[in-house]
Each structure stands twice: as structure tokens, then as C-alpha cells.
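Chemist: what would the 3D arrangement of this be:
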Amino acid sequence: MTYTPNFATNQTSITLANTGDKVYFKAKGTNDKLAKNTSSHNRFSATGGDVEVSGNIMYLLNGSTPATFLSSIYAFAHLFDGMSNLKDAKDLILPAGALLGHCYQSMFENCSNLENAPELPAKTLMNDYYNAMFKGCKKLQKVTMLATSVNASNAMTDWLTDAGTEANNPTVYVASGMATNIQVPDGWTVTEVSSQP
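Modeler: Below is the predicted model of the structure:
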């Protein structure tokens, strides 16, 4: 494994020698968003074979100790947007709370080969929280979304638009009592987590 102590913004590439090699990223200091502003966002991209992402995403904001609170919106907006070879994100740990609006907006948008989403543990959604989060993820199989308050403005707008269209029986698992409180596209099943396999 190669250790790169200072991976600069806009650095063009890290080359991995073997299938299964890993790259670890963490913040150099303390920051509370990766987005530069409301229309400009830092993104990960990769070429080559299938990619998996895992670990506590909050290390991207504070490299010493995972951040627990954000003071800015758009924290992880568009982070993997358009990463067509991203296949698996089930082991990516997203925080349960203390996040502001737009924090996951378009995070995986157009990740057309993403099959496994991370668990979404937040109980109360803020404005645009999951807006377009999985839009265009055509192979998405399953999402576990545990919110019990989803009424914030655009909190779930387009979150599954054009998602799961190439998957077999895509399913959203939700908190108890929430099965009738969210809308999903045609072809998706909504099931309470107590029935999750």
C-alpha cells in the first residue's frame, strides 16, 4: 500500500497495482463540508474495475476523530456523483444525526452500477436531505432508510428517480409505521425493517 500524506484537491490519480488494493482518505485538518459552495462540489472518481467504498464518512471532515456535527450545508453533496464503476457502498457508515440540509443531495446520483447502498440511519430529515441521492442508480437493489420524520422541504425529492430499473425487486426498508409515509417509484417495494432479510 502506498501512503500519500497530502492528497491535494484536483490531484489527477492514484494508481493501484492489484485487484483488491485499498486507498484510505481522511481530512488533513478539520473542515465541515467538502462542497465549496452551493454549486461547486468536490467529488471522488475512479477508472478501471468495480469500486467499493466503506468506513466512517465523517473522517473526510476531521481526520483525527470522526466529526459529529456539521455547521454547513451540502457536506457530502455530489460526493460520488457520476461514478459509474461504484458497485458497493453497503459498508459506508453515514452518521445518524447532527447534519444539516442538502448533506447527501445527489451523493450517488448516476452511479449506474451501484447495487448496495449504505444504511440511512437519520431519524429526522432536513431540507433536501436525500434529494436525488440515488437518482439514476439503475442497478440499486436495496435501501434501508430509518427516518421517522420526512416532512422537511424536498427531503426525499427524486431520491429514487430512475433507480432500481435494472434490479430484481428493488426494496426500501423503513422504520416501523413508515411504510405508508414515503413514496417510491413504480417497481419498488416498501417493507418495514422488522421484515428485512
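Chemist: go through the strand ranked longest in the chain and flag the buried ones.
Modeler: Ranked by number of residues, the top strand in the chain under DSSP state E is strand 86-93. Across strand 86-93, burial judged by 16 or more other Cβ atoms under 10 Å covers 86-90, 92. Using the backbone N, CA and C atoms, a C-beta is placed for each residue, glycine as well.
Chemist: for the closest residue in space to residue 166 that isn't next to it in sequence, list the residues it contacts.
Modeler: Excluding the flanking residues, the one nearest residue 166 by Cβ to Cβ, 6 or more residues apart in numbering is residue 138, at 4.4 Å. Going by Cβ atoms under 8 Å, 6 or more residues apart in numbering, residue 138 touches 112-113, 162-167.
Chemist: any idea whether the residue nearest the centre of the chain is helix, strand or coil?
Modeler: By Cα atoms, centre = their mean, the chain has its centre lying nearest to residue 107, at 4.9 Å. Under DSSP: H, G, I helix; E, B strand; the rest coil, the three-state class of residue 107 is coil.
Chemist: do the one 4 residues further on as well
Modeler: Put simply, residue 111 is coil when judged by three-state DSSP.
Chemist: ok, it touching residue 79?
Modeler: No: with contact defined as Cβ atoms under 8 Å, residue 111 does not count as touching residue 79 (10.3 Å).
Chemist: quick one: which of these two has more around it?
Modeler: residue 111 (27 against 23; other Cβ atoms under 10 Å).
Chemist: now residue 58. Nearest residue, chain neighbours left out?
Modeler: Going by Cβ to Cβ, 6+ apart, residue 58 has residue 66 as its nearest residue, at 3.7 Å.
Chemist: what's the answer for residue 45, then?
Modeler: residue 83 is the one closest to residue 45 (Cβ to Cβ, 6+ apart), at 5.7 Å.
Chemist: OK, contacts around the nearest residue to residue 94 once chain neighbours are set aside?
Modeler: In space, residue 94 comes closest to residue 118 once its chain neighbours are excluded; the distance is 5.3 Å by Cβ to Cβ, 6+ apart. Listed by Cβ under 8 Å, 6+ apart, the contact set of residue 118 reads 89-94.
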